[in-house]
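1. Sequence and computational prediction follow.
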2 protein chains.
Amino acid sequence: MLKDKNDQRTSLSELGEFGLIKHLTKYFAINCDTTEKAVGDDAAVLEFGDEQVLVTTDLLVEGVHFDLSYMPLKHLGYKAVMVNLSDVYAMNGTATQITVSIAISNRFTLEALEELYAGIQLACTNYKVDLVGGDTSSSTKGMLVSVTAIGKAPKQDVVYRNGAKPNDLLVVSGDLGGAYLGLQVLEREKQVFEANPNAQPELENYSYIVERQLKPEARKDIIMLLKDLDVKPTSMIDISDGLSSEILHLTSQSEVGCNLYEDKIPLDPQVISTCEEFNVDATTIALSGGEDYELLFTISQDDFDKIKGNPHLTVIGHMTDKSEGVHLVTRGNQKVEITAQGWNAMKEE
Amino acid sequence: MLKDKNDQRTSLSELGEFGLIKHLTKYFAINCDTTEKAVGDDAAVLEFGDEQVLVTTDLLVEGVHFDLSYMPLKHLGYKAVMVNLSDVYAMNGTATQITVSIAISNRFTLEALEELYAGIQLACTNYKVDLVGGDTSSSTKGMLVSVTAIGKAPKQDVVYRNGAKPNDLLVVSGDLGGAYLGLQVLEREKQVFEANPNAQPELENYSYIVERQLKPEARKDIIMLLKDLDVKPTSMIDISDGLSSEILHLTSQSEVGCNLYEDKIPLDPQVISTCEEFNVDATTIALSGGEDYELLFTISQDDFDKIKGNPHLTVIGHMTDKSEGVHLVTRGNQKVEITAQGWNAMKEE
């Protein structure tokens, strides 16, 4: 949790902007041989041969995407990187570099920023990517983190959203709904704490789903697994906004329909038990929850034998002709049209 | 100026995030043959041959970097791009793509965002760069714009900050101090307006310096000029924080000293007259003002004949041995040590 470490406060103005960036990035290692020049000049210089360069960016805003009353800054830094790397993996690419820009009000100390960057650094180390630039600014209110990730892939390996064909199988990695439910648990504990500041958070029974919310992992391992299995998806996307929203992206861009089978959607036992406790439908949570950062992709039926029985992958449906529409086939064998109910960043508040 | 166009307000929530991005980017052309895939997938795909890829990013925060009471949104969009392209040119590269992420409070209408993106689009058109991605988020307060620019250059063309040698000539493009003085004029008019809302802004006599502040241009033309002249700088940086700060970057990274000659610093007549009016020293403004986005570079003395007499370039000093330090040689022939007094983004407010 974010603590006010009054015993070691350092004013940011003592360092200045250049000193701050230098201070915060001095322990970052260079992991990639494509990194010719990292932090310290006007721009980063990257060397690529015949590879394609992948670039993606995401913005996390305090009070919109995260709440520092339960999101430790180190986890925030880690998650901000994961959100972006996930997009590179969703292209079947290898993430190689990131840039990180932050805007912060002067309520944050240097130690708080160090926590944030410790999380960024851990992400860089775990995923072998290099921090190659960024910008640090003051803000009039709160914190904002903007990350851009760069990756590469041989041209023939890149997977778009628009390549799915009728009869392709729809596959998802891991399990769904945990990140959203973890957030609900954290929000509930926050309210308990606000009503009674002496209350201790009760999170033991929710460790998996809380971790899914606070420290998601981008599925680099799945990209490597697919290469090992010699499977190239026909289309792919990462699940940031919820399964239904992502399926609609694949079907509309590929101009196909889809049947998704409710009984195939992978759910962790903790997701099921927490849904019962909160009296919400687990399928709805998986469809609309978002932030799971799993990979959703389609493969040719010819590749089914290669992935069959793999514990990390679940076939949850198949693509159809566009005219058949996009449907959830329920446990009761009813067909329900899928509409986007994913998290909407622009909703009025 | 930002107006409340009540006659054509569109709620952002009507569009949703994907609709908004699609709406805002639908008229953007693809300018570069390296752009394989722009907006619309998880990541942009860029094709580079044997070139080096340049990446740079900058964050502009309302209330810190801009004031919408006198910065029109279209100009803000244009400037946010310029600030980043300037960094690519400062590497002697060609800017090719940008990503733009924005966070906005719900006081902004769709029409306001369209103005912002019109400025971004104009910059893309004028500088032949492609918008290839971004993120749009709500914020709890104000507006924030984060831009990442990507560029390329053959490896042998890239110019770093660390290549200056003793006896190299120090050269600057254009003239200095205008952007900072333009800001002072705008701040003064804002105060007049706040005291008397019927007052009309008096900006006719300040058109050049106000434009330097509100609509700066990145010096792509200088990079092309240097290629035409067959001059490769030994070191280069863009002037975002003020001449003194940038000279100190070049000298510290190149491990050289420098003599800068006060009487050589290029100043526009409007800068000189406005300095007299505001009773400030023009040299101080040029040294510390910032935001001019001119290029500061060093060249071998052998190349002097190639740039001599060029109206866009001014030799303002020369590099020395590191032991001689970094000095301003005043009109009165005194040597004054140069210290960084550039704009400090992290100062306490």
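-> Noted; the coordinates are in hand.

2. Can you give me the domain assignment for chain A?
-> Following automatic domain parsing, chain A resolves into domains at A:14-157, A:169-337.

3. give the contact list for A:Glu217.
-> Contacts for A:Glu217 (C-beta atoms under 8 Å, 6 or more residues apart in numbering or on different chains) come out as A:Met82, A:Tyr293. Where you see a C-beta, it was placed from the backbone N, CA and C, and this is true even at glycine.

4. For the residue lying closest to A:Ala199 once chain neighbours are set aside, give me the pLDDT.
-> Computed as C-beta to C-beta, 6 or more residues apart in numbering or on different chains, the closest residue to A:Ala199 that is not its neighbour in sequence is A:Val192, at 5.0 Å. We have a pLDDT of 87 for A:Val192.

5. Just to be sure, A:Val192 is in a helix?
-> Yes - assessed with DSSP: H, G, I helix; E, B strand; the rest coil, A:Val192 lies in a helix.

6. Tell me which of the domains of chain A lies nearest to B:Leu131.
-> Within these, the stretch nearest B:Leu131 is domain A:14-157; the backing value is 11.4 Å (C-beta to C-beta).

7. just the strands in chain A please.
-> A:35-37, A:44-47, A:51-61, A:94-104, A:130-138, A:143-154, A:169-173, A:235-238, A:257-261, A:295-299, A:313-320, A:326-329, A:335-337 (DSSP state E).

8. With distance to B:Leu243, mean neighbour count and mean pLDDT as extra columns, can I get these in CSV?
-> Shown next, in CSV, are those (distance: least, C-beta to C-beta, whole Å; neighbours: other C-beta atoms under 10 Å in any protein chain shown; pLDDT from 0 to 100):
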stretch, distance to B:Leu243, mean neighbour count, mean pLDDT
strand A:35-37, 24, 19, 72
strand A:44-47, 25, 24, 73
strand A:51-61, 32, 25, 89
strand A:94-104, 25, 26, 90
strand A:130-138, 21, 24, 84
strand A:143-154, 29, 26, 92
strand A:169-173, 53, 25, 98
strand A:235-238, 45, 26, 96
strand A:257-261, 60, 20, 97
strand A:295-299, 50, 27, 98
strand A:313-320, 58, 21, 98
strand A:326-329, 59, 20, 96
strand A:335-337, 63, 11, 94
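
9. JSON lines for those, including distance to chain B?
-> Shown next, in JSON lines, are the strands of chain A (distance: least, C-beta to the nearest C-beta, whole Å):
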{"stretch": "strand A:35-37", "distance to chain B": "7"}
{"stretch": "strand A:44-47", "distance to chain B": "4"}
{"stretch": "strand A:51-61", "distance to chain B": "4"}
{"stretch": "strand A:94-104", "distance to chain B": "4"}
{"stretch": "strand A:130-138", "distance to chain B": "5"}
{"stretch": "strand A:143-154", "distance to chain B": "4"}
{"stretch": "strand A:169-173", "distance to chain B": "15"}
{"stretch": "strand A:235-238", "distance to chain B": "6"}
{"stretch": "strand A:257-261", "distance to chain B": "18"}
{"stretch": "strand A:295-299", "distance to chain B": "10"}
{"stretch": "strand A:313-320", "distance to chain B": "18"}
{"stretch": "strand A:326-329", "distance to chain B": "16"}
{"stretch": "strand A:335-337", "distance to chain B": "18"}
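
10. any chance of those strands in TSV, plus distance to B:Thr274?
-> TSV is the format used below for those (distance: least, C-beta to C-beta, whole Å):
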stretch	distance to B:Thr274
strand A:35-37	39
strand A:44-47	37
strand A:51-61	38
strand A:94-104	31
strand A:130-138	28
strand A:143-154	35
strand A:169-173	61
strand A:235-238	53
strand A:257-261	64
strand A:295-299	58
strand A:313-320	66
strand A:326-329	63
strand A:335-337	65
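
11. so which of these gets nearest B:Ala282?
-> strand A:130-138 (28.3 Å).

12. so A:Asp50 touches A:Lys152, yeah?
-> No - using C-beta atoms under 8 Å, A:Asp50 is not in contact with A:Lys152, being 9.9 Å away.

13. Centre-most residue in chain A?
-> By C-alpha atoms, centre = their mean, chain A has its centre lying nearest to A:Val83, at 3.4 Å.

14. Tell me which residues touch the closest residue in space to that one that isn't next to it in sequence, please.
-> Once flanking residues are discounted, A:Val83 sits nearest to A:Asp58: 4.8 Å by C-beta to C-beta, 6+ apart. Neighbouring residues of A:Asp58 by C-beta under 8 Å, 6+ apart: A:Ala80, A:Val83, A:Asn84, A:Asp87, A:Ser146, A:Val147, B:Ser101, B:Asp135.

15. hmm, which two among those residues are most spread apart?
-> Farthest apart among the contacts of A:Asp58 by C-beta to C-beta are A:Asp87 and A:Ser146. That separation is 13.8 Å.

16. Any residues of the stretch 101-250 of chain A in contact with chain B? List them.
-> A:101-103, A:106, A:132-142, A:144, A:146, A:148-151, A:155, A:158, A:160-161, A:237-238 (C-beta under 8 Å from any C-beta of the partner chain).

17. how about the helices in the stretch 201-349 of chain A?
-> For the stretch 201-349 of chain A, the helices defined by DSSP state H, counting those that start in this stretch cover A:207-214, A:220-228, A:243-254, A:269-278, A:282-288, A:304-307.

18. What is the second one packed up against?
-> Read it as helix A:220-228. Contact partners of helix A:220-228 among helices and strands, from 3 or more C-beta pairs under 8 Å, 6 or more residues apart in numbering or on different chains; DSSP states H and E: helix A:73-89.

19. Check which helices and strands the helix it packs on sits against.
-> So helix A:73-89, by 3+ C-beta pairs under 8 Å, 6+ apart, packs with strand A:51-61, strand A:94-104, helix A:110-127, strand A:143-154, helix A:220-228, strand A:235-238.

20. how about these in JSON lines, adding distance to B:Lys165?
-> Output for the helices and strands packed on helix A:73-89, formatted as JSON lines (distance: least, C-beta to C-beta, whole Å):
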{"stretch": "strand A:51-61", "distance to B:Lys165": "33"}
{"stretch": "strand A:94-104", "distance to B:Lys165": "30"}
{"stretch": "helix A:110-127", "distance to B:Lys165": "35"}
{"stretch": "strand A:143-154", "distance to B:Lys165": "32"}
{"stretch": "helix A:220-228", "distance to B:Lys165": "44"}
{"stretch": "strand A:235-238", "distance to B:Lys165": "48"}
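
21. between the strands of chain A, which one is nearest to A:Asn198?
-> Closest of those to A:Asn198 is strand A:143-154, at 27.7 Å (criterion: C-beta to C-beta).

22. could you check the angle helix A:220-228 makes with the closest one?
-> In terms of direction (axes from the mean of the first three to the mean of the last three C-alpha atoms, to 10 degrees), strand A:143-154 departs from helix A:220-228 by 10 degrees.

23. what lines up beside strand A:143-154 in the sheet?
-> Here strand A:143-154 is paired, per DSSP bridges, with strand A:51-61 (antiparallel), strand A:94-104 (antiparallel).

24. Distance from the chain centre to stretch A:55-73, please.
-> Centroid separation for stretch A:55-73 versus its chain: 12 Å, with C-alpha atoms, centre = their mean, to the nearest Å.

25. ditto for stretch A:208-223
-> Remark: stretch A:208-223 is offset 7 Å from the chain centroid, using C-alpha atoms, centre = their mean.
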